[in-house]
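1. next input, structure requested:
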Amino acid sequence: MKKTPLYIAWGILFLATAVLGSVEPGSLGLKIVMICLAAAFFVPPALLLYRGISQGDRAQVLLLRYISAASLGATFLLLIANFLSTGLSQGAGDLLYALLIIASAPMVCSRFWVVSLFAWACILMTTLMHCPKKK
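-> Numbering: from 1, shown residues only. Down below sits the predicted model:
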């Protein structure tokens, strides 16, 4: 299997989780769909990581490392900014929350924040521990 379909699927899942993360789940069915999409979001990067490690594709593993580190870093900074924005206007808080939805779409979509952060951390740590050596 080529990498391109996995990246396309990952992009589609990102868009779906970002859109659904911005709406309030009303029904149990929508909550289940949101949780399933957020979990499915991590399947393409896990497959890409597995293939990168097993095939010795250093560039692929490094790309996943940078993406996961950027997502975790942006999520951390935006969570701190959201907590510190309590004294600001509602518009500023809404803007920061919208940025958080974009930075960590599966986290906000699933409403189980620790699971998404753990999945990103697992990807990051795996890239750090099993990155193929330079030739």
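2. dump the residue contacts of residue 65.
-> Neighbouring residues of residue 65 by CB atoms under 8 Å, 6 or more residues apart in numbering: 124, 127-128, 131. Any C-beta I mention is one placed from the backbone N, CA and C, and that applies to glycine too.
3. in the longest helix seen in the chain, what's buried?
-> Across the chain, the helix with the greatest residue count (assigned by DSSP state H) is helix 58-84. In terms of neighbour count (16 or more other CB atoms under 10 Å), helix 58-84 has its buried residues at 60-61, 63-65, 67-69, 71-72, 75, 78-79, 81.
4. then stretch 115-122?
-> The neighbour-count check on stretch 115-122 (16+ other CB under 10 Å) flags 115-117, 119-120 as buried.
5. just the ones of those residues in strands?
-> Counting by DSSP state E, no part of the buried residues of stretch 115-122 is found in strands.
6. what's the most distant pair in these?
-> 115 and 120 (10.0 Å; CB to CB).
7. thank you kindly, that will do.
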